[in-house]
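Visitor: Predicted model, plus sequence, below.
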Amino acid sequence: QCPPQDDLARSVMKSKVDKFRGRCYVVSGDVLSLIHMFAVDKGLHDKRMVFDATASGLNDALWSPHFGLPTVRCTFRSLTPGCWQCDMDVGEMFL
């Protein structure tokens, strides 16, 4: 994969990969599997790293449950007097 030509984009991508390594998701040692990664724009000044694990076979080995997001209409039907709702930011659960 070609590194980004822009110095700013390169430094942003490096910080994202350093965060990934800092969490010990990968460690130094023999390489047993490679996963293609690339960055996409996230807003005006940030990047989101995308890991494509299809070639390594990892995607075929993993199972992820499907969960549907309710529509506003479904949410209103389930609200009763005295109910509370919240908005949760789960962005840190992802890389």
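Guide: Done, it's in. Numbering: from 1, shown residues only.
Visitor: can we go C-alpha only for contacts and neighbour counts from here?
Guide: Noted.
Visitor: now the end-to-end length of stretch 44-64.
Guide: 31 Å (Cα to Cα, to the nearest Å).
Visitor: all strands for the chain, in order.
Guide: Shown for the chain, the strands assigned by DSSP state E span residues 36-42, 46-52.
Visitor: could you pull out the helices for this structure?
Guide: Assigned by DSSP state H, the helices in the chain fall at 7-22, 58-61, 72-78.
Visitor: closest to residue 47 out of those helices?
Guide: helix 7-22 (6.8 Å; Cα to Cα).
Visitor: elements contacting that closest one?
Guide: The helices and strands touching helix 7-22, judged by 3 or more Cα pairs under 8 Å, 6 or more residues apart in numbering; DSSP states H and E, are strand 46-52.
Visitor: how about a cut-off of 10 Å?
Guide: Based on contacts counted as 3 or more Cα pairs under 10 Å, 6 or more residues apart in numbering; DSSP states H and E, the elements that helix 7-22 packs against are strand 36-42, strand 46-52.
Visitor: ok so, going back, export the helices of the chain to TSV and tack on distance to residue 44, mean pLDDT and mean neighbour count?
Guide: Below are those laid out as TSV (distance: least, Cα to Cα, whole Å; pLDDT from 0 to 100; neighbours: other Cα atoms under 10 Å):
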stretch	distance to residue 44	mean pLDDT	mean neighbour count
helix 7-22	11	85	14
helix 58-61	30	80	11
helix 72-78	29	81	9
